[in-house]
Structure formats: structure tokens, C-alpha cells
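Engineer: Just to be clear, the model below is a prediction. Sequence and coordinates:
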Amino acid sequence: MKKPLLGISMMAESEFVSAILPLLQSSSIEVLEWSFDTFYNVQEPVWLSDLLNFYSENNRLIGHGVYYSLFDAKWSDRQEVWLERLKQEIKKRQYKHLTEHFGFMNTENFHQGVPLPVSLHSQTLQIGKDRLHRLQDAVEIPVGIENLAFSFSVDDVKEQGLFLDKLIEEIDGFLILDLHNIYCQACNFDVDMQEIIQSYPLDKVKEIHLSGGSWHESIYRKKSIRRDTHDDDIPDEIWAVLPSVLLQCKNVQYVIIERLGYSIKTERDKQNFLSDFVKAQTIINVLDWSGRENRFWSKKEVNISKKPLEDAILYEEQTRLTKLLFDSVDPILVKKQDFQYFNTETWNEEMIMTAQNILKKWNPY
């Protein structure tokens, strides 16, 4: 088995570019991940286009979508437009694979939204499969999904791996295993990281994400809430499990470090980011990768219906839930809502408030 390639999620901020310059100069960044749809309405600077094209021409560019919204229960024109623009992007550059987030964003101002957790319901699964099949149909490269950090209940945490496995099975898709997302769940629901990791189909993990985050005060308990904010160093707890996770994920091919560009403000931030990169590089290099072969993923043809699958009740509930959270309705009242698809009575009140704070920050309306 070839050892996985180590890279970064590319950001365009000048502070970020300054931080990674030594890594670029030493050819240490073996693969580049690019969230292409974040620049759909922005002109790429020439230097960025040249860098992306360089990695593309060397078969070292992977794509990571943000705004497709895999689980919106109502198909929208913006998703149709998103797929058309994706086709243009794929023609422009050669990506090794494409990934998307697990969640839904059904507000008009979706470019300022964040993916919310979906109900792990059979009908929700069918909606997700329909959207994922349309995504795979639009491109000739393998497609995968990233696990979500935020959950409303411990049941959702423990069931997400199985749900994702069912989601990708028909297209023979793969997973991104984001270890900081799992760290957030472990901290917020008092579950061991390894227990959560073992609930995922690790043989289908092709890519691993590493990042840091932040702690936010909670009004319900002394313990803070862990958030996946991508604005700090990678925690020690993630470094502790990384070697075993790499060896358990027998088909992993990429390890990507994520950090928001604006969060590298000081020389210390820059040095810590570089230190994290070298630490990941060292762990990968010292592990024994012999005796195993990488799985080969390719596009699997699937039949898709002419009309996208929709569910009016689920759409209404997604819309109502988003508005309840944005309006900061008392968590007790949210839990008492009459939903068919969302099991709100089991939700953690602290996580409801956390979702409210996230939506307030990003203002999807």
C-alpha cells in the first residue's frame, strides 16, 4: 500500500498563503484540496489559478463542495445551477475526486449558511441518495461524503456512520473521516472517540481531515461546547488516535489539514500551523504501509429519475426548524414541536442553543 499523500485545504487569504509558502517551496504539500464553489461568484486571482492548475496537471488536486446541500427535501434551481457550474469546473481542471458535506441548507441566502444535521430517517436517506446520485451523474470521477461535526443527540452521533454507509453504497462512494468532527461529538456527548470511529465503515474511508476548533461557554453546565471552527491548532487527542486510525483505514489515500485563512494572525499561529503539518508528516512517514494495496474507486453508473425526489412534509419541517433555531426559540419549546421526521424530544438543549448561535452568526436569511 502506498502511504497516503499529505496536503492542505487551500485558502486564498494572504495570511494563509504566507504561512504555507515554506511548504510550497519545499514541495511538502503533496495534494491540494480546493472548495471550488466558494469562488463561484468571485474572480480567482491569477496566482491562485496557477497554483490550482499546477496541482491539477500533476493529478494532485481534489475537490470539496460546500453549498450543494445534499438533503434539502425540495429540489431548487440553485442546486441545478450548482451542478451545471460543477460540470464547468471539472472541465477546467482535473480533480481526482469530489466530496460534499453531510447536512442541509434550505434558506435562500445559502452561501452564508451552515449545514444542519439531518433526521436519520428512511425517507431522508432516499432524498440524500437522489441528490448524491445526481451529483455522481454530473461528473466522471468518484464522489464521497464527509461526516458532520454537529449533532443534536447522542443517538445521531452513534448512528451517523451506518447512515453514511447506506447513503454511499449504491454509487460505490467513499467517506472523508474528519477526526475533529468526531472529537467535537466525543466532547459534547461524553462518548469515547474510538467508539465513534469504530461505528464508521473504515474500509470506505479514502480521505482523513485534521483540524482544530474552539470551546464555547454553555449556560446549562460547567463543561464547554466544542465547535468545529477550523481556527486553532490540532488537539492532542486527535494526534493520539491518528496513527491507529490511519492503519485501520486500509484504503486511505489522502490526509488533509484544514485551517481558515483569517485565523492565522500572528507569527505564533503560523509556526503552530507549520508544526502541525510536520507532525502529521512524521506520523505518516514512520508507519508501516507495506503489504497492503489501495482500493481503486471509479464512477459507478446509476439510474436517476427525470424528476428529483421531493417530500413536502420534510421540506416544511426543515424550513420550520431552521426558522425556530434562527429566531432563538426556547430549546424546551423546540423539543416540544410536533415533527414527523425530527425526533426533537431526544435533543440536547445545549446543542439546540449551539445551533441557534451558529445560525445567528452566519445569518442564512
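Structural biologist: Perfect, thanks for sending it. Residues are numbered from 1 along each chain as shown.
Engineer: Report the buried residues of the longest helix belonging to the chain.
Structural biologist: Longest helix in the chain by number of residues, with DSSP state H as the criterion: helix 267-286. Using 16 or more other C-beta atoms under 10 Å as the test for burial, helix 267-286 gives 269-270, 272-273, 276-277, 279-281, 284. All C-beta atoms are positioned from the backbone trio N, CA, C, and that covers glycine.
Engineer: Let's have the residues you listed in TSV, adding distance to Ser151 and pLDDT.
Structural biologist: Listed next are the buried residues of helix 267-286 as TSV, based on distance: C-beta to C-beta, whole Å; pLDDT from 0 to 100:
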residue	distance to Ser151	pLDDT
Asp269	29	97
Lys270	33	97
Asn272	28	97
Phe273	28	98
Asp276	25	98
Phe277	29	98
Lys279	28	98
Ala280	26	98
Gln281	31	98
Ile284	29	98
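Engineer: Would you mind extracting the C-alpha trace of the longest helix of the chain into PDB?
Structural biologist: This file holds the C-alpha atoms of helix 267-286, laid out as PDB (Å, rounded to 0.1, in the frame of the first residue of the first chain):
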ATOM      1  CA  GLU A 267       3.800  34.500  13.800                       C
ATOM      2  CA  ARG A 268       3.000  32.000  16.600                       C
ATOM      3  CA  ASP A 269      -0.200  30.900  14.700                       C
ATOM      4  CA  LYS A 270       2.000  30.500  11.600                       C
ATOM      5  CA  GLN A 271       4.600  28.400  13.400                       C
ATOM      6  CA  ASN A 272       2.000  26.200  15.100                       C
ATOM      7  CA  PHE A 273       0.300  25.500  11.700                       C
ATOM      8  CA  LEU A 274       3.600  24.500  10.200                       C
ATOM      9  CA  SER A 275       4.300  22.400  13.300                       C
ATOM     10  CA  ASP A 276       1.000  20.600  12.900                       C
ATOM     11  CA  PHE A 277       1.900  19.900   9.200                       C
ATOM     12  CA  VAL A 278       5.300  18.400  10.200                       C
ATOM     13  CA  LYS A 279       3.700  16.400  13.000                       C
ATOM     14  CA  ALA A 280       1.300  14.800  10.500                       C
ATOM     15  CA  GLN A 281       4.100  14.200   8.000                       C
ATOM     16  CA  THR A 282       6.200  12.500  10.700                       C
ATOM     17  CA  ILE A 283       3.400  10.200  11.800                       C
ATOM     18  CA  ILE A 284       2.600   9.100   8.200                       C
ATOM     19  CA  ASN A 285       6.300   8.500   7.400                       C
ATOM     20  CA  VAL A 286       7.000   6.300  10.400                       C
END
